[in-house]
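S.K.: Give me the fold of what follows.
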Amino acid sequence: MSKQRYPEEFKIEAVKQITERGHKVADVSARLGVSQHSLYQWIKASQMSPDQRQAQGSQADEMRRLKAELKRVTEERDILKKAAAYFAKQSG
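M.R.: Okay, the predicted model is just below:
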């Protein structure tokens, strides 16, 4: 599944259609070709203060970094396990 990136202006306008103009989420979703889940997330994000948004973004960045590090360390561990088994077999 590829994640489509939308410009911030697009998100703001989509949220305004729902919050200010009173359109239903399902209607805006169908008209713009955006999932309802994405629209609900954008609405939630628009209601946060800038400090909260920045904190959430920092947490997301940290989470991505940690997941990448975990993946790298797991791969290294697996390689070392295989090497240890190989050399144990060779010496035994």
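S.K.: residue ranges for the strands of the protein, please.
M.R.: Counting by DSSP state E, the chain has no strands at all.
S.K.: so where's it shaky on pLDDT?
M.R.: 1-2 (pLDDT under 70).
S.K.: Go ahead and flag the most central residue of it.
M.R.: residue 60 (7.4 Å; CA atoms, centre = their mean).
S.K.: how about that residue, what does it touch?
M.R.: Listed by CB atoms under 8 Å, 6 or more residues apart in numbering, residue 60 has no contact partners. All C-beta spots, glycine's among them, are computed from the backbone N, C-alpha and C.
S.K.: Please tell me how far it sits from residue 12.
M.R.: Distance of residue 60 to residue 12, computed by CB to CB, to the nearest Å: 20 Å.
S.K.: Over to residue 91?
M.R.: 65 Å.
S.K.: Could you check which of these two is surrounded by more residues?
M.R.: A direct count of neighbours by other CB atoms under 10 Å for residue 91 and residue 12 places residue 12 higher, at 12 against 6.
S.K.: looking at it, the more buried one is touching residue 45, isn't it?
M.R.: No: in this structure, residue 12 is not within contact of residue 45 by CB atoms under 8 Å, at 10.2 Å.
S.K.: the helices in the protein, which residues?
M.R.: 8-19, 25-32, 36-46, 50-91 (DSSP state H).
S.K.: Can you get me the centre-to-centre distance for the second one and its chain?
M.R.: It stands for helix 25-32. Centroid separation for helix 25-32 versus its chain: 22 Å, with CA atoms, centre = their mean, to the nearest Å.
S.K.: got a list of what residue 46 touches?
M.R.: 11-12, 15, 19.
S.K.: Generate a PyMOL selection restricted to the buried subset of these.
M.R.: PyMOL command restricting these to the buried ones, with burial defined by 16 or more other CB atoms under 10 Å:
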select buried, resi 11+15
